[in-house]
Each structure stands twice: as C-alpha cells, then as structure tokens.
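K.L.:
Compute the structure for the input listed below.
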Amino acid sequence: LACALMVRGNVQVSDLRRNIERLKPSLQFVSWNQEGWKTSLCSVPPVGHSHSLLALANNTCVKPTFMELRERFMRLYKKKAHLHHYLQIEGMEESCFMEALSSLSGLIEEYNQLDATKSMPVEDFPRLSVA
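P.N.:
As a prediction, the model looks like this:
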C-alpha cells in the first residue's frame, strides 16, 4: 500500500532515489497509489554507525494470518472450547465473541478489496505544474 524510508547518515538523495527505482518493479503497489513512497533524510548518523535505514511498509500480506486466525477461532467456538473461562470475567458476554469475529471478517474483506485493485488499470492523473 505504501512505504516510508527513513535514512540517517552520509547518504545522498540520488542514491536513495536510484535504489527506490530498483525496488519498484519487485513491489506491487495498489493501482491508485503507484507513487506510495515517502522518504526522509537526516545527515546525523546514529551513534556508533556510519548510516542506518528504517523502512516502514503497509501491505496486505497479513491477510492470510487473519484468515487462519478466524478459521481457528471458529473451530474452537463451535465446540464452545474454553468459552466458560472468558464468560466468568465481569463484562464479558458471548456477544463479544461474535462482535470480534465480525470485525475480523470485515478487516479481511477490506484487504480482499485492496488486493483486487492491484490488477486494475492505473489512471494517469496530470501532475500539478508550478507557475
């Protein structure tokens, strides 16, 4: 979905841009955010190192983990396994489990929708021109 690169140390902007261009073909961004890169540079290196890079990325690869979690939950919930332990806690009701399942299913559906946009054609929006 998006990626942020935070660089500290003696690194040139041209080096950073060249490496981003090298990475782009191997990464699949959603069609509506092909330029989903944010970069920051700080010339002060971290203590004890000449440079460092922190990469933060938001993507949909966590979806299979959520799907597996939902499947495991459903297997246990159908058997009412361990449910009595949670229901002994004040304020915890059986409806809380269904609400959590609904939230997780909604999240999975949102990731499915985002994955579906990968194959959509990219609209080429005009760039703003500075007068």
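K.L.:
So Arg22 belongs to a strand, correct?
P.N.:
No: assigned with DSSP: H, G, I helix; E, B strand; the rest coil, Arg22 falls outside any strand and is helix.
K.L.:
what's the burial count for it?
P.N.:
Using other CB atoms under 10 Å, Arg22 is surrounded by 9 other residues. The way it works is simple: take the backbone N, C-alpha and C, and place the C-beta from them, glycine included.
K.L.:
Buried residues, the longest helix along the chain. List them.
P.N.:
Counting by DSSP state H, the longest helix found in the chain is helix 94-116. Neighbour-count burial for helix 94-116 flags Phe97, Ile108, Tyr111, Leu114 (criterion: 16 or more other CB atoms under 10 Å).
K.L.:
Which one of those is nearest to Gln28?
P.N.:
Within those, the smallest distance to Gln28 is 11.0 Å, found for Leu114 (CB to CB).
K.L.:
how much space between that closest one and Phe73?
P.N.:
According to CB to CB, to the nearest Å, Leu114 stands 23 Å off from Phe73.
K.L.:
now do Gln113
P.N.:
Separation of Gln113 from Phe73 (CB to CB) stands at 22 Å.
K.L.:
Same list, the buried residues of helix 94-116, but as a markdown table with pLDDT and distance to Leu53 please.
P.N.:
Shown next, in a markdown table, are those (pLDDT from 0 to 100; distance: CB to CB, whole Å):
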| residue | pLDDT | distance to Leu53 |
| --- | --- | --- |
| Phe97 | 89 | 42 |
| Ile108 | 92 | 32 |
| Tyr111 | 85 | 27 |
| Leu114 | 80 | 26 |
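K.L.:
OK, contacts around the residue nearest to the spatial centre of the chain?
P.N.:
Centroid-nearest residue in the chain: Asn58, 2.5 Å away (criterion: CA atoms, centre = their mean). Residues near Asn58 by CB atoms under 8 Å, 6 or more residues apart in numbering: Leu1, Ala2, Cys3.
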